[in-house]
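Trainee: Fold the following, please.
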Amino acid sequence: MEWLADPNVWASLVTLTALEIVLGIDNLVFIAILVGRLPENRRDSARRLGLALAVLTRLALLASIAWIIGLTAPVFELFDRAFSWRDIILIAGGLFLLYKGTR
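Mentor: A predicted model of the protein is given here:
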């Protein structure tokens, strides 16, 4: 229960909550735009299905992030620095963002 007094935990929770709210609003807008193109009789079911899939996908991604955080066992060493799968995934993600940002 010591983690409850840690300000880093609370800052992470607030950040994650803010990101989830922003992504949720983004999903709502995107689904509303797509559903608007459907016939009137299919809009409600498409909206429910889209929102359900968005929530399930977000939960699956959060679970995968929690799993990735636990991948701390060293895989190899380079220049006296041990690299785990978590490090490799973070480096690959950072390089991908740099590539996409410059293209």
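Trainee: any low-confidence regions in the chain?
Mentor: Applying pLDDT under 70 to the chain flags no residue at all.
Trainee: quick one: the helices in it?
Mentor: 7-35, 43-69, 85-102 (DSSP state H).
Trainee: What about the closest residue in space to residue 85 that isn't next to it in sequence, how many residues nearby?
Mentor: Once flanking residues are discounted, residue 85 sits nearest to residue 71: 4.0 Å by C-beta to C-beta, 6 or more residues apart in numbering. In short, each C-beta sits where N, CA and C put it, glycine included. Look at residue 71: counted by other C-beta atoms under 10 Å, it has 13 neighbours.
Trainee: for residue 71, what are its contacts?
Mentor: 84-86, 89 (C-beta atoms under 8 Å, 6 or more residues apart in numbering).
Trainee: out of these, who's nearest residue 46?
Mentor: residue 89 (34.0 Å; C-beta to C-beta).
Trainee: gap between the closest one and residue 103?
Mentor: According to C-beta to C-beta, to the nearest Å, residue 89 stands 21 Å off from residue 103.
Trainee: neighbour-wise, which of the two wins?
Mentor: More crowded of residue 89 and residue 103, by other C-beta under 10 Å: residue 89, with 13 against 5.
Trainee: my read: that one touches residue 67, true?
Mentor: No - counting by C-beta atoms under 8 Å, residue 89 sits too far from residue 67 to count as a contact (10.6 Å).
Trainee: hang on, the earlier thing: quick one, phi/psi of the residue nearest to residue 85?
Mentor: Backbone torsions of residue 71, given as degrees, to the nearest 10, read phi -80, psi 70.
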